[in-house]
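Chemist: Mind looking at a prediction? Sequence and model below.
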Amino acid sequence: MTSLEPLYINGRFATQNLSGVQRFAQEITASLLRITPNTQLLVPAGGAALHRGARETGHRQGQAWEQRDLPRAARDGFLVNLGNTAPLFGRRQLVVIHDAGVFSTPEAYSWKFRAWYKFMQAWLVRRKVPIVAVSEFSRQEIIRHLHVPPAQVSVMTEGADHVRRIAPDPGILQKHGLRQGDFVLAVGTLSAHKNLAALDVLAQRLAARNIPLVIAGSLGGSVFQAGGAAGLPQPASYIGRVTDEELKALYEHAGCFVFPSRYEGFGLPAVEAMACACPVVAADIPALRETCGAAAHYADPGRPETIAARVLDVLDDPALHARLRQAGSTHTQTMTWDRAAAMLIAIITRHRHPTP
């Protein structure tokens, strides 16, 4: 091995729908390609058109590509896997595992998804593949559930500056009849751990004031165990997937962003909202406490009445509203993807060039 050894990035994410994990992979990849020499993004067939500068390899897609084509293409270098999965027989690699949700909230995932993730991640642990978590909370969860030696799991952070670079599209407000500061925003899916059902009391309290609860995000997904629309809060305005530009406008104009998740590894939507100076009411869970610090207003995710009360606190108290706006903006100033990438590079360097 020499200093010229290639660094390869697993680009399976380039052909997947954009969610938090894919956003992380996309932004970290952009930073790595910009600041790390001799780095290349490897993608499945058709992926190069979706990510500038990528190199297509093999002829497969999905798991088959990741398990068969990718390790062959990366055999002369060090492989960085950013999205929870990795080749079972990768020679030299590390993997970013974002949370231990398949263990801690199994009801949120299909049995096939749980079985594959548990097998694959346990296998990678046995093969002593270095693991990177995105919060200290997730690190401890991974160590506990996968029985990993603590030295095998490192920690990096995530960024929020991508949302500042996006030009907002206020057309989404006109499309749904929304007025600035006069709606509450949530982002989520039917996945059980996202806990959207806990917003039912809030939806009713807001409706009594003629304030819409707006919920953005896909309400489907084959990996999740969907509870069905019957369990969703009513009344609410379900606007489905939105573009980055539309989401930026929603963050900027919402009176409050509410994030009731029962389980997160990091909680990217909360810091995106903060970066847009939107006051945040977050679930009082360890990962969000770690990620949001003192810049959020917290509520017990198991108590819908408390969630509603905290959101109404923000809407009714101008001083609290202003404090949270300023605190969130300040808190996220140092949360950049280049900083996160630098942390990852330091971890990669330790494993590419271990101390004798």
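Modeler: Here it is on my side, so go on.

Chemist: Low-confidence regions, the stretch 151-300 of the chain specifically.
Modeler: 219-231 (pLDDT under 70).

Chemist: which stretches of it form helices?
Modeler: 161-164, 171-175, 200-208, 244-253, 268-275, 286-292 (DSSP state H, counting those that start in this stretch).

Chemist: Mind giving me the packing neighbours of the helix or strand where residue 32 lies?
Modeler: For residue 32, the host element (DSSP states H and E) is helix 20-35. If you count contacts as 3 or more Cβ pairs under 8 Å, 6 or more residues apart in numbering; DSSP states H and E, helix 20-35 packs onto strand 7-10, strand 39-43, helix 268-275, helix 337-352. The way it works is simple: take the backbone N, C-alpha and C, and place the C-beta from them, glycine included.

Chemist: Can you tell me which of the ones you listed is packed in deepest?
Modeler: Among these, judged by mean count of other Cβ atoms under 10 Å, the one packed with the most neighbours on average is helix 268-275 (a mean of 27).

Chemist: which residues sit against that one?
Modeler: 20, 23-24, 158, 160-161, 163-164, 185, 187, 247, 251, 254, 257, 259, 280, 282, 288, 291-292, 295-296, 327-329, 331-332, 335 (Cβ atoms under 8 Å, 6 or more residues apart in numbering).

Chemist: Now the buried members of the residues you listed.
Modeler: By neighbour count, with 16 or more other Cβ atoms under 10 Å, the contacts of helix 268-275 hold 20, 23-24, 158, 160-161, 163, 185, 187, 247, 251, 254, 257, 259, 280, 282, 288, 291-292, 295-296, 327-329, 331-332, 335 as buried.

Chemist: what's the angle from the helix holding residue 32 to helix 337-352?
Modeler: Following axes from the mean of the first three to the mean of the last three Cα atoms, to 10 degrees, one obtains 80 degrees for the angle between helix 20-35 and helix 337-352.

Chemist: before we move on, the earlier item: between the helices of the stretch 151-300 of the chain, which one is nearest to residue 40?
Modeler: Nearest to residue 40, of all those, is helix 161-164, at 21.9 Å by Cβ to Cβ.

Chemist: any idea how far that closest one is from the chain center?
Modeler: Here helix 161-164 is found 14 Å from its chain centre; the criterion is Cα atoms, centre = their mean, to the nearest Å.

Chemist: Just the CA trace of that helix, in CSV.
Modeler: In CSV, the C-alpha atoms belonging to helix 161-164 read as follows (Å, rounded to 0.1, in the frame of the first residue of the first chain):
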residue,chain,number,x,y,z
ASP,A,161,-24.9,24.1,5.1
HIS,A,162,-26.4,22.4,2.0
VAL,A,163,-29.8,23.9,2.8
ARG,A,164,-28.3,27.4,2.9
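
Chemist: Buried residues of stretch 86-98, list them for me.
Modeler: Buried residues in stretch 86-98 (16+ other Cβ under 10 Å): 86-87, 90, 92-98.
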